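Colleague: Sequence and predicted structure are below.
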Amino acid sequence: MIDETRARALLGAARARGWHVATAESCTGGLVAAALTDIPGSSDVFDRGYLTYSNAAKSEMIGVPGDLIAEHGAVSEPVARAMAEGARRASGADLAIAITGVAGPGASAAKPEGLVWFATATARGTVAERRDFGPLGRGNVRARAVETALELGLQAVVGAP
């Protein structure tokens with residue numbers, strides 16, 4: 001279960017600024033959106049979530065270029081950035097949070113289990129961050145990714161002018 005402290009903090013900070021939030025999720029399968037919408041009253045802040053688990057969904061729903069995915073792979077900094085930017089553009093949200101990673105199993109040497117890329121997009125720009133959680137098991141990697149995404153989203157809101 002996800003600790004709702006981070007979700008409440010992100011919603012409160014976004015609410016204080018009058019911001020709307022969107023998500024674009026791959027390996028977390030909508031768990032960030034669920035963590036936010038589990039909080040009563042979140043509808044004034046949380047706008048929408050894009051569940052872009054497949055490469056086709058990333059391209060069709062939020063405009064991630066197929067050649068970018070082909071060149072770098074879905075689990076990469078460029079794709080995480082494109083996901084966040086695409087979700088922000090498609091939704092009109094003030095903040096978009098994107099997550100793409102390898103929850104496991106099925107990892108490779110280049111992209112091991114527990115590798116997750118995050119990106120946040122605001123009017124100030126896009127910030128991407130890599131986390132290597134290690135082979136914690138699918139559920140644990142996903143839970144850590146949700147917590148990290150909420151924290152990075154909060155940092156994006158609090159750090160904005």
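Modeller: That came in fine, so what should we check first?

Colleague: Can you tell me the SS state at Trp117?
Modeller: Following DSSP: H, G, I helix; E, B strand; the rest coil, Trp117 is assigned to strand.

Colleague: Surely it and Ala128 touch.
Modeller: Yes - the pair Trp117 / Ala128 is scored as a contact, 6.3 Å apart, by C-beta atoms under 8 Å. In this view, the C-beta of every residue, glycine as well, is placed from N, C-alpha and C.

Colleague: Between those two, tell me which one has more neighbours.
Modeller: Between Trp117 and Ala128, counting by other C-beta atoms under 10 Å, Trp117 is the more crowded of the two (26 against 20).

Colleague: what helix or strand is Ala9 on?
Modeller: Taking DSSP states H and E as the definition, Ala9 sits inside helix 4-17.

Colleague: Let me know the angle separating the helix or strand just after that helix from helix 4-17.
Modeller: As assigned by DSSP H and E, the chain's next helix or strand after helix 4-17 is strand 21-25. Calculated by axes from the mean of the first three to the mean of the last three C-alpha atoms, to 10 degrees, strand 21-25 forms an angle of 140 degrees with helix 4-17.

Colleague: Show me what strand 21-25 is packed up against.
Modeller: Applying 3 or more C-beta pairs under 8 Å, 6 or more residues apart in numbering; DSSP states H and E, one finds that strand 21-25 makes contact with helix 4-17, helix 31-37, strand 46-51, helix 77-91, strand 95-101.
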